[in-house]
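> From the sequence below, what's the structure:
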Amino acid sequence: MRTTLTLDDEAMAGIKQVQKKRPEATFKEIVNQLVKKGLAAEGETVKVRFKITPGHDTKPKAGLNYDKISELISIAEGDFHK
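Residues are numbered from 1 along each chain as shown. As a prediction, this is how the structure comes out:
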């Protein structure tokens, strides 16, 4: 998410100090990490919602009896079953 953020002089000075210690990190990464640490200090948890999307059709295959698990395993595992 993109947003405009106004930082006071103290906050900006603190971020610059962190940047000196971690020159490989971008400004965005540092600000995000500091915000998350601040939330954690307040007892808040940061949760990222995600959605799992299957890469194939997940509908049951026609003609298979899903009540007979051993038969399904036999079909899936072939010669390696049992």
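> immediately after the top helix by length along the chain, which helix or strand?
For the chain, the helix that runs over the most residues, judged by DSSP state H, is helix 27-41. Downstream of helix 27-41, the next assigned helix or strand under DSSP states H and E is helix 69-77.
> other SSEs contacting that next one?
Packing partners of helix 69-77 (3 or more C-beta pairs under 8 Å, 6 or more residues apart in numbering; DSSP states H and E): none among the helices and strands. (Glycine included, C-beta is placed from N, CA and C.)
> Put the alpha carbons of that helix into PDB.
Backbone C-alpha positions of helix 69-77 (Å, rounded to 0.1, in the frame of the first residue of the first chain) are rendered in PDB as follows:
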ATOM      1  CA  ILE A  69     -10.200 -44.600   0.700                       C
ATOM      2  CA  SER A  70      -8.100 -47.700   0.100                       C
ATOM      3  CA  GLU A  71      -9.200 -47.800  -3.500                       C
ATOM      4  CA  LEU A  72      -8.300 -44.100  -4.000                       C
ATOM      5  CA  ILE A  73      -4.900 -44.700  -2.400                       C
ATOM      6  CA  SER A  74      -4.300 -47.600  -4.700                       C
ATOM      7  CA  ILE A  75      -5.100 -45.500  -7.800                       C
ATOM      8  CA  ALA A  76      -2.900 -42.600  -6.600                       C
ATOM      9  CA  GLU A  77       0.100 -44.700  -5.500                       C
END
